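Asker: let's see this in three dimensions:
(chains A and B)
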Amino acid sequence: MRENSPMPQLELPRCTRSTLPGVLALVIGIVCSACSVAPQHAANATDLEASYSFWQEGQLKPAATFAERVLARTGAPKTAAQYARQRYYATILMMLAHESASFGEEQFETEGKRYLSHVFGGSQGSPNAHLVATAYHAHQGRLGFENAVADSDVAQSEAGPVQMIPSALSAFDLQATQDHVNLTMVMVDTRLGFTSRSNDHLRTLTRAHQISDLDTCNAFLDQARFPDSGRPWIYYAMFQFLKDTGGDQKEAYRFGISARQAAEDAHSGFRQEAADGIADWIDHESNYVFKCACPKPFDRTTDRCLVCGAKNIIFEGTPRP
Amino acid sequence: MRAVHLILALSLWGCASGPKLPGPVRLTGFDGFPTNFAEGDLLAVARFKVNHASSSECRVDLIEAKRVIPIWVTTGLTKDAVPSQTTLITREHMDMRLYLPDGTALMPIADLDGMVDSLSSTPKQYVSGRLFGGEALQQFSTERDAPNNGYVFFQIPANQDIAVRGRTVSHTVGDAIRSFDLNEALVSFNITVDGKPHAVMVGVQ
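Answerer: Numbers count the residues shown, from 1 in each chain, chains lettered A, B, ... in the order given. Take a look at the predicted model:
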């Protein structure tokens, strides 16, 4: 071959020839290390986008499947840090998928247990099963938050022209997402009956002041994009927190009424016993008697005064005699 | 040189297509759920006895041999409570579940008698003397022979690729391997006292 070649060949020294495989391996290694970053970021971004789209469409199984692909692809200890931000969003999407599923008991039941058993690879799915998984991923999201923030600039520079986080998802501001995670943890523990831990969450929430009264709480829930289905449970958690910790009982009343009302409006799985518990506290245990301007007292069977039409939520509390 | 080009091309193709083996999805730092249930007069705990297989009284790894996860459930009333005569705590009425952290729900084994009968004499004696049950709810006691204490065996479904080593569970779903500890799991069941159902949720110890 060399004899037939029209171009002059460089004559390699003998010692270099003997190390050719090593040089080749080095070249291959360099090329691979250069190209191994971007393809993973690109594949992750594609999967994150798919997951988010499916979640928005209410197709929760594929939403979780695509998010989990990102977690699986980036889970090796040596590289996990390299993908911290993408892993964070994948974790959040897993949490959101399970959170949405936890409200969908009736929808899943109509589709039969077979489907149910394959949702997210579990078996005998139920709201509680999804709540457990929601809590699991919410905790992970909380843990991954700082790394995700720290990673945002570094990883983007490594990823080059690849947009690491799809634009629809990057609209989820990291702080707002983390607020959603914290609210989710409160919601899950309240739904599972872990009131004491829910109170602990609320006590240690860094932005707790933003939910301590109903008006700012609603603004906070909007900002965190918290789902309507979960809101009765946040109101209920705040009701319990204020009631149990010696807080403002008039505000507890407003949260309690809001929980009952929101539960009627949303498919929240809100339990009748919880709604009854709120009414029992208003009727018998609160330090105040809540009346409308009529002044007709609170009636648990209606959401407004039957005389003047005023909504329960604006009833005034006067000290119980 | 063609060979070199071929190797380079294959290498580039290989690294562009990404890794074939997924890394484990290891979620760390999740501290599970509260492990002491207390509501009104009702108390409950659920414990995974990791060393049951090495016990001289059992000698069988029930997870491996029977694909069940044994959870030791202890429930009862507070010291000052009056025992109720209308308590339903039979396994059939309790609707027990073991929820793994990834959302997989395991039910108690349907054919408990069949499982017990299939064991050899030593583990059979061990298991049959420690089954969870009881008629009326008694005072809470951690004594092994207390009437409301015993094992519940949660069946690992045949179609689920779940392996348990020590307290660590690996659940393979598609390309993902989920890995977590059993003390991050949750046990739930119902107890009906005087016609009123109580939902018990307790983290596994």
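Asker: where in chain A is pLDDT low?
Answerer: Where chain A drops to pLDDT under 70, the residues are A:1-39, A:105-125, A:151-162, A:171, A:206-208.
Asker: how about the residues of the stretch 151-300 of chain A near chain B?
Answerer: Residues of the stretch 151-300 of chain A lying near chain B by CB under 8 Å from any CB of the partner chain: A:192-194, A:196-197. For glycine as for every other residue, the C-beta is placed from the backbone atoms N, C-alpha and C.
Asker: what subset of those is buried?
Answerer: Listed as buried from those are A:192-194, A:197; burial here means 16 or more other CB atoms under 10 Å in any protein chain shown.
Asker: quick one on the thing from earlier: closest to residue A:275 out of the residues of the stretch 151-300 of chain A next to chain B?
Answerer: Nearest to residue A:275 among those: residue A:193, at 15.0 Å, using CB to CB.
Asker: which helix or strand contains the closest residue to that closest one other than its chain neighbours?
Answerer: In space, and not counting its chain neighbours, residue A:193 is closest to residue B:201: 5.5 Å by CB to CB, 6 or more residues apart in numbering or on different chains. Under the criterion of DSSP states H and E, residue B:201 resides in strand B:196-203.
Asker: what average pLDDT does that strand get?
Answerer: For strand B:196-203, mean pLDDT is 88.
Asker: buried residues in it?
Answerer: B:198-203.
Asker: quick one on the thing from earlier: return the residues in contact with the residue nearest to residue A:193.
Answerer: Contact partners of residue B:201, counting by CB atoms under 8 Å, 6 or more residues apart in numbering or on different chains, are A:128, A:192-194, B:33, B:37, B:186-188.
Asker: now the two most distant members of these.
Answerer: Once CB to CB is applied, the contacts of residue B:201 give A:128 and B:37 as the farthest pair, at 14.4 Å.
Asker: out of these two, which sits in the busier spot?
Answerer: In this view residue A:128 and residue B:37 are compared by other CB atoms under 10 Å in any protein chain shown, and residue B:37 has more residues nearby, 24 against 21.
Asker: phi, psi of that one?
Answerer: In terms of degrees, to the nearest 10, the main-chain angles of residue B:37 are phi -90, psi 130.
Asker: ok, now residue B:74?
Answerer: Backbone torsions of residue B:74, given as degrees, to the nearest 10, read phi -120, psi 120.
Asker: which residues of chain B fall in helices?
Answerer: B:2-16, B:62-66, B:91-94, B:112-117, B:121-128 (DSSP state H).
Asker: if we can go back for a sec, nearest to chain A, of the buried residues of strand B:196-203?
Answerer: Among the buried residues of strand B:196-203, residue B:201 lies closest to chain A (CB to the nearest CB), at 5.0 Å.
Asker: who's that closest one bridged to?
Answerer: For residue B:201, the beta-bridge partners are residue B:188 (DSSP bridges).
Asker: then stretch A:229-238 to CSV, C-alphas only?
Answerer: Extracted in CSV, the C-alpha atoms of stretch A:229-238 (Å, rounded to 0.1, in the frame of the first residue of the first chain):
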residue,chain,number,x,y,z
SER,A,229,-56.8,19.8,44.1
GLY,A,230,-54.1,20.2,46.7
ARG,A,231,-55.3,23.5,48.1
PRO,A,232,-57.9,22.3,50.5
TRP,A,233,-55.2,20.3,52.2
ILE,A,234,-52.9,23.3,52.5
TYR,A,235,-55.8,25.3,54.0
TYR,A,236,-56.6,22.4,56.3
ALA,A,237,-52.9,22.2,57.3
MET,A,238,-52.9,25.9,58.2
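Asker: hmm, back to that, can I get the buried residues of strand B:196-203 in JSON lines with distance to residue A:217?
Answerer: Converted to JSON lines, the buried residues of strand B:196-203 look like this (distance: CB to CB, whole Å):
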{"residue": "B:198", "distance to residue A:217": "30"}
{"residue": "B:199", "distance to residue A:217": "27"}
{"residue": "B:200", "distance to residue A:217": "30"}
{"residue": "B:201", "distance to residue A:217": "26"}
{"residue": "B:202", "distance to residue A:217": "30"}
{"residue": "B:203", "distance to residue A:217": "28"}
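Asker: could you identify the pair within these that is furthest apart?
Answerer: Greatest spatial distance among those (CB to CB): B:198 and B:203, at 17.1 Å.
Asker: now the helices for the stretch 51-200 of chain A?
Answerer: Assigned by DSSP state H, counting those that start in this stretch, the helices in the stretch 51-200 of chain A fall at A:60-73, A:77-80, A:84-102, A:105-110, A:112-118, A:127-159, A:167-170, A:174-191, A:195-204.
Asker: hmm, back to that, so of the buried ones among the residues of the stretch 151-300 of chain A next to chain B, which ones are in strands?
Answerer: Using DSSP state E, no member of these falls within strands.
Asker: where in chain B is pLDDT low?
Answerer: Looking at chain B by pLDDT under 70, you get B:1-29, B:56, B:84-92, B:134-135.
Asker: just the strands from chain B, written as ranges.
Answerer: Along chain B, counting by DSSP E, strands occupy B:24-26, B:37-39, B:42-48, B:68-77, B:87-88, B:97-99, B:105-106, B:149-155, B:161-165, B:168-173, B:176-181, B:186-193, B:196-203.
Asker: list phi and psi for residue A:48.
Answerer: phi -60, psi -40.
Asker: tell me how far it lies from chain B.
Answerer: Separation of residue A:48 from chain B (CB to the nearest CB, to the nearest Å) stands at 15 Å.
Asker: pull the number of nearby residues for that residue.
Answerer: Other residues within reach of residue A:48, judged by other CB under 10 Å, total 25.
Asker: residues contacting it?
Answerer: Taking CB under 8 Å, 6+ apart, one finds A:66-67, A:70, A:86, A:89-90, A:93, A:165-166, A:169 in contact with residue A:48.
Asker: just the buried ones from the residues you listed?
Answerer: For those, a burial check counting by 16+ other CB under 10 Å picks out A:66-67, A:70, A:86, A:89-90, A:93, A:165-166, A:169.
Asker: span of stretch A:303-321 from start to end?
Answerer: End-to-end span of stretch A:303-321 (CA to CA, to the nearest Å): 24 Å.
Asker: now tell me what touches that stretch from outside.
Answerer: By CB under 8 Å, 6+ apart, stretch A:303-321 touches A:249-250, A:253-254, A:257-258, A:260-261, A:264, A:286-294, A:296, A:298-299, A:302.
Asker: same thing but at 10 Å, please
Answerer: For stretch A:303-321, the external contacting residues (CB atoms under 10 Å, 6 or more residues apart in numbering or on different chains) are A:214, A:248-258, A:260-261, A:264, A:282, A:284-300, A:302.
Asker: may I see the ChimeraX selection of the buried members of those residues?
Answerer: The ChimeraX selection below is limited to those of these classed as buried (16+ other CB under 10 Å):
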select /A:214,249,250,251,252,253,254,255,256,257,258,260,261,282,286,288,289,290,291,292,298
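Asker: from the contacts of stretch A:303-321, which land in helices?
Answerer: Counting by DSSP H, the contacts of stretch A:303-321 contribute A:214, A:249-258, A:260-261, A:264 to helices.
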